[in-house]
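Colleague: Below is the sequence, then the predicted model.
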There are 2 protein chains.
Amino acid sequence: MKRNYDIDVLIEKFKKKDKIALARLITLVENNPETTTNIFNNFDSSENDSYIIGITGSPGVGKSTLVNAFSKILLENGKSIGIISVDPTSPFTGGAFLGDRVRMTDISLHPNIFIRSLASRGYKGGISRAVFDISLLYEAFGMDFIIIETVGVGQSEFDIYNLAYTTIVIMVPGYGDSIQIQKAGIIEVGDIYVVNKKDLGGEDIVVQMEMMLDDATVQSGWRAPVVMTNSITGEGVDKLIEKILYHKEHLELSELLKEKKKHRFAYKIEELLSSKIGKVLESLISEDDLNKISNSVLQGKKFKIYDMVHDLFSNVKFEMKKSD
Amino acid sequence: MKRNYDIDVLIEKFKKKDKIALARLITLVENNPETTTNIFNNFDSSENDSYIIGITGSPGVGKSTLVNAFSKILLENGKSIGIISVDPTSPFTGGAFLGDRVRMTDISLHPNIFIRSLASRGYKGGISRAVFDISLLYEAFGMDFIIIETVGVGQSEFDIYNLAYTTIVIMVPGYGDSIQIQKAGIIEVGDIYVVNKKDLGGEDIVVQMEMMLDDATVQSGWRAPVVMTNSITGEGVDKLIEKILYHKEHLELSELLKEKKKHRFAYKIEELLSSKIGKVLESLISEDDLNKISNSVLQGKKFKIYDMVHDLFSNVKFEMKKSD
C-alpha cells in the first residue's frame, strides 16, 4: 500500500523533528480525516504535553503581531512553538487572507516554530476537527507551546476556550469601549485581557475592564489581569508573557490544568458522538421527508412546524441495545 | 387549567392587536419552550407573511441607531414593525446591556412597532429558537416587517441569513478597512452593505467594497449595493430603504423569496433534528462513559481518542424501525 508506506516514511521523519514531515502530516490530516487514526496510532501516549494558549479578538486588533512578538521571546528562551491561525476564507482568494506566514516572517524561519494558517471554512469534519487534530500533531512533535489564534469570541465555528488552557482576549482602545467589552460577551472567557495599540490611548478601557473584573465572581481563584501592549514596539509583551506563565503556574498548582485538559478531550468526544449520531439520523430521515415538511410549511402551515417535526419522529423508533 | 385559560385570554387579546398580550406571549415562549406548540396552534396558517430583514455588524457600528432611523420612515409610511434585538448578556447586569429600548425611545412608543431585546445567552433551547419563535409571533400578530438585529456575522449563536430575506451588513470607516471586510467573511452574506458614520470618511472602504462585489460571482442575479449612511443625521437612510424595497421586489419577482422562506423553515427543521440528536446522545452515553474515556485520555492515551470513541459505538447497537 503506497499510501501507508508514505505515511510510515513521514512518521519516521516526523519523529526526527523534520518540519517538512510535520507540514505534510498536517495537510494529510486536514484533507483526509480518515487517515487521522492511522497517523495517531504511531504516537505513544503522553510523551509530551504541550501548553495550549488561545488568542482571540476582533479583526484588526493586532492578534498576529502580538503572537509574533511574544513567540519571539519564547523562542529566545529555548521554547518550541506550534501556531494555528484560523482566518476566515475570502471567497475571492480561496484561502487565508494576508497569510499569516507573510506577516510572521520575522519568526517563521526559526527551527523551533511551526505556523499553520487555516481558512475558516471548507474542512471535512469542520474547522474544529482540523484545529484539534493539528494540536495533537504539534503535541506529538514535542512542541512546548501551542498557540491558537482565532477571530472573535464565538465568531468562528469553534470556541477557543474549550481547547486552550490559557485564553487571551485582545481589545483595542476606542470604538465604544464599554460596548465593545459588554457586547462581545468576553468577560467570561478570558484568563488574561490585553489592550493592544496602547499608542492610541486605552487607559479608559483598562479602567473599565478592571472594574468589571473586580465585580465578577471569581470561581477559579484567578482574577484575570489586564495588560497594555504595543505589539509593534513590543512594549508590554514581556509583561504579557509573565502573566501567561503565572496563569500556567496557577493552573498547575490548583489542579485546574488537569480539569482543563479533561475538558479539552471531553469536548472533543462530545463532538465526535454528535457527528456519529447525526449520521445515523441522516440515514433515518430522508431528504424527501424534510422537503415534504418545508413544503407544507410554505403552503401555509408555518405555525404547525413543531407538530410536524414531532410527528416525523413519532413514526420512527429508536431501539438501542448495549452489548457487553 | 389556569395556565391554559390564561393563554386563551392572551390569544384573544393578541388577535385584537394588544401589544401587552404580544409581550406576555413572547415572554411565555422565551421562558417555556414547551408552551410554544400550544400557543402556535391558535394561529391559522399564513394569514400574514412578514418581510424579514436582518441587520448585522460588529459592536459599535451603529446598528440600533440605523434601525431606529429607518423604522421611523417605515412607520411614517403606515407599516407595522416587530424588532428583535440580540444583545450579548453581561454577567453583571444579567440582561441586555444598554437595553435597546432605551436607545430606541424615539420610536418605541409608536403603536405600530414592537421591540424585544434578547440577551444572547441563557434561553432554553438556545437564542436561535427564541428568535425563530418570536418571529413567528410577530407574523401572527400581523407585522409587515420583522427586523432582526444581531452582533457580527456568525458571532452570535445563530446565523442571521438563515432567517432573514434581506441581510444588511453594516461597517464603519477605518480600523483596517480591507481586513475588516475580508476577515469578517461578510462578502458572502450581505444583500446590502452599509458604510455608516460617513462623517468619519468611508470613501475608501466603499471603493474597496464595490471592487470586491464587482469581482464576486453573482449567482442570484443580485449585485449587492453599498450605501453610505449617517444614522444620527439620517443621511442616506432613505437610500437604504429604497435598496431594501428594491431587493424585496427582486426576490419576489425572481421567485427567490419562496426559496428564502423555504430555507428559513428548512433550517429550523434541521435545528430541531440536531436537538433531537443531542437528546438521543444523552440517553445513549452516560456521563460515566464519557468520564471513563476522558480519564483514560488524560492518563496518556490522547492519541487513541478516535479509537476509543469508535469502540464506544461498536458496543452500541442501533435498531431503528420506521412504522407507517
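Modeller: Arrived safely, thanks for sending. No experiment lies behind these values; they were computed from the predicted model shown.
Colleague: Quick one: residues contacting the spatially most central residue of chain A.
Modeller: Among the residues of chain A, the one closest to the centroid is residue A:160, at 4.1 Å (C-alpha atoms, centre = their mean). By C-beta atoms under 8 Å, 6 or more residues apart in numbering or on different chains, the contact set of residue A:160 is A:54-56, A:148, A:150, A:153, A:167, A:189. For every residue, glycine as well, the C-beta is placed using N, CA and C.
Colleague: ok, now residue A:197?
Modeller: With C-beta under 8 Å, 6+ apart, residue A:197 has these contacts: A:61-62, A:172-173, A:230-231.
Colleague: How much space separates it from chain B?
Modeller: Distance of residue A:197 to chain B, given as C-beta to the nearest C-beta, to the nearest Å: 11 Å.
Colleague: Likewise for residue A:41?
Modeller: Distance from residue A:41 to chain B, by C-beta to the nearest C-beta: 7 Å.
Colleague: Report the spatially closest residue to that residue, excluding sequence-adjacent ones.
Modeller: Spatial nearest neighbour of residue A:41, excluding adjacent residues (C-beta to C-beta, 6 or more residues apart in numbering or on different chains): residue B:303 at 7.1 Å.
Colleague: what's around the one you found, how many residues?
Modeller: Residue B:303: 23 surrounding residues under other C-beta atoms under 10 Å in any protein chain shown.
Colleague: For my notes, confirm it occurs in a strand.
Modeller: No - per DSSP: H, G, I helix; E, B strand; the rest coil, residue B:303 lies outside any strand segment and is helix.
Colleague: which residues does it contact?
Modeller: Applying C-beta under 8 Å, 6+ apart, one finds that residue B:303 lies in contact with A:40-41, A:43-45, A:136, A:140.
Colleague: Switch the residues you listed over to CSV; also include neighbour count.
Modeller: Converted to CSV, those look like this (neighbours: other C-beta atoms under 10 Å in any protein chain shown):
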residue, neighbour count
A:40, 19
A:41, 13
A:43, 20
A:44, 10
A:45, 12
A:136, 22
A:140, 23
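Colleague: shaky segments in the stretch 101-250 of chain A?
Modeller: Scanning the stretch 101-250 of chain A for pLDDT under 70 picks out A:101-106, A:120-125, A:152-158, A:174-188, A:216-219.
Colleague: Tell me where it has strands.
Modeller: Taking DSSP state E, counting those that start in this stretch as the test, the strands found in the stretch 101-250 of chain A are A:113-119, A:145-151, A:166-171, A:192-195, A:226-228.
Colleague: Of these, which is nearest residue B:299?
Modeller: Ranking the strands of the stretch 101-250 of chain A by distance to residue B:299, with C-beta to C-beta as the measure, places strand A:145-151 first at 20.4 Å.
Colleague: Show me what the closest one is packed against.
Modeller: strand A:51-57, helix A:63-76, strand A:81-87, helix A:126-141 (3 or more C-beta pairs under 8 Å, 6 or more residues apart in numbering or on different chains; DSSP states H and E).
Colleague: can you rerun that using 10 Å?
Modeller: Strand A:145-151 sits against strand A:51-57, helix A:63-76, strand A:81-87, strand A:113-119, helix A:126-141, strand A:166-171, with contacts defined as 3 or more C-beta pairs under 10 Å, 6 or more residues apart in numbering or on different chains; DSSP states H and E.
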